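Visitor: Please find the sequence and the predicted model below.
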Amino acid sequence: MGKFGYLAMQADRLNEELIESDLREIGYAARKLASHAFVLGSGLGFGTTFLKFLASVAAIYLLILDRTNWRTNMLTSLLVPYIFLSLPSVVFSLLRGEFGKWVAFIAVVLRLFFPQHFPEWLEMPGSLILLLVVAPGFFAHTIRDNVVGVLICLAIGCYLLQEHIRASGGFRNSFTKSNGFSNTIGIILILVYPVWRLVLLFM
């Protein structure tokens, strides 16, 4: 009888340990779920979307500015892949769909058959539309939403910032020269998004 009592005690202890282990797993899963819900549902998720949109607008602004009255020796064509990688998903899907295909088709027809009606400042936006439409799925869906895409955006932003500061003759001049302030702010804005994404990835 004592042997059966001992076995029953061992079985009860084993059951208690299993229950405790299950409760620990449930607690860990609940904490993880709460953490993800906080990121997605709180200001962090909204902040990421907002900064992504802001970075895209700033990059488009810098691209237009360079094509009109801010001509520098910088590789501002790097803004095209930056916009490709940072466009919000809704806008990206729209431009990659039928609408974007029609825009790209019209741009190619104008460039080929009516070059006199195709202004020079439309070269980069036209390249961007073509890139959005013809990019393989690996770049459009894997690299874009990956840490690799964020690192590319960060590298482009850092390069443009240091080139702009060098062209302006120093950090102070980049804020005080004609058009310097708005250009510097635009470049800083395109840096904020990848930095924020990296912070969230390593949180």
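Guide: Happy to help now that I have it. Numbering: from 1, shown residues only.

Visitor: Pop the domain breakdown of the chain in here.
Guide: Listed domain ranges for the chain are 1-41, 43-91+134-201 (source: automatic domain parsing).

Visitor: What helix or strand is Leu94 located in?
Guide: Leu94 belongs to helix 89-96 when assigned by DSSP states H and E.

Visitor: Quick check: buried residues in that helix?
Guide: Going by neighbour count (16 or more other C-beta atoms under 10 Å), the buried part of helix 89-96 is 92, 95-96. Where C-beta positions appear, they are placed from N, C-alpha and C, glycine not excepted.

Visitor: And the pLDDT for Leu151?
Guide: Leu151 carries a pLDDT value of 91.

Visitor: For Leu87, see how far away it is.
Guide: 17 Å (C-beta to C-beta, to the nearest Å).

Visitor: try Arg111
Guide: 22 Å.

Visitor: Please identify which of these two sits among more neighbours.
Guide: Leu87 (23 against 15; other C-beta atoms under 10 Å).

Visitor: Please verify my assumption that that one contacts Leu95.
Guide: Yes. Leu87 lies in contact with Leu95 (C-beta atoms under 8 Å); the separation is 7.4 Å.

Visitor: which residues are common contacts for these two?
Guide: Jointly contacting Leu87 and Leu95 under the rule C-beta atoms under 8 Å, 6 or more residues apart in numbering are Leu132.

Visitor: Tell me, please, where in the chain the pLDDT is lower than the cut-off.
Guide: 1-47, 66-75, 171, 173-180, 203 (pLDDT under 70).

Visitor: give me the number of residues near Arg197?
Guide: By other C-beta under 10 Å, neighbour count at Arg197 equals 21.

Visitor: same thing with the one 3 residues further on?
Guide: For Leu200, the number of neighbouring residues by other C-beta under 10 Å comes to 14.

Visitor: Distance-wise, check it relative to Tyr61.
Guide: 25 Å.

Visitor: how about the strand or helix carrying Ile129 as PDB, C-alpha atoms only?
Guide: Assessed by DSSP H and E, Ile129 sits inside helix 123-134. This file holds the C-alpha atoms of helix 123-134, laid out as PDB (Å, rounded to 0.1, in the frame of the first residue of the first chain):
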ATOM      1  CA  GLU A 123      13.100  61.400 -66.200                       C
ATOM      2  CA  MET A 124      13.500  60.300 -62.600                       C
ATOM      3  CA  PRO A 125       9.800  60.000 -61.800                       C
ATOM      4  CA  GLY A 126       9.400  58.000 -65.000                       C
ATOM      5  CA  SER A 127      12.300  55.700 -63.900                       C
ATOM      6  CA  LEU A 128      10.600  55.300 -60.500                       C
ATOM      7  CA  ILE A 129       7.300  54.200 -62.100                       C
ATOM      8  CA  LEU A 130       9.100  51.800 -64.400                       C
ATOM      9  CA  LEU A 131      11.000  50.400 -61.400                       C
ATOM     10  CA  LEU A 132       7.800  49.900 -59.400                       C
ATOM     11  CA  VAL A 133       6.000  48.100 -62.300                       C
ATOM     12  CA  VAL A 134       8.800  45.800 -63.500                       C
END
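
Visitor: And that helix, what's buried?
Guide: Buried residues in helix 123-134 (16+ other C-beta under 10 Å): 124-126, 128-133.
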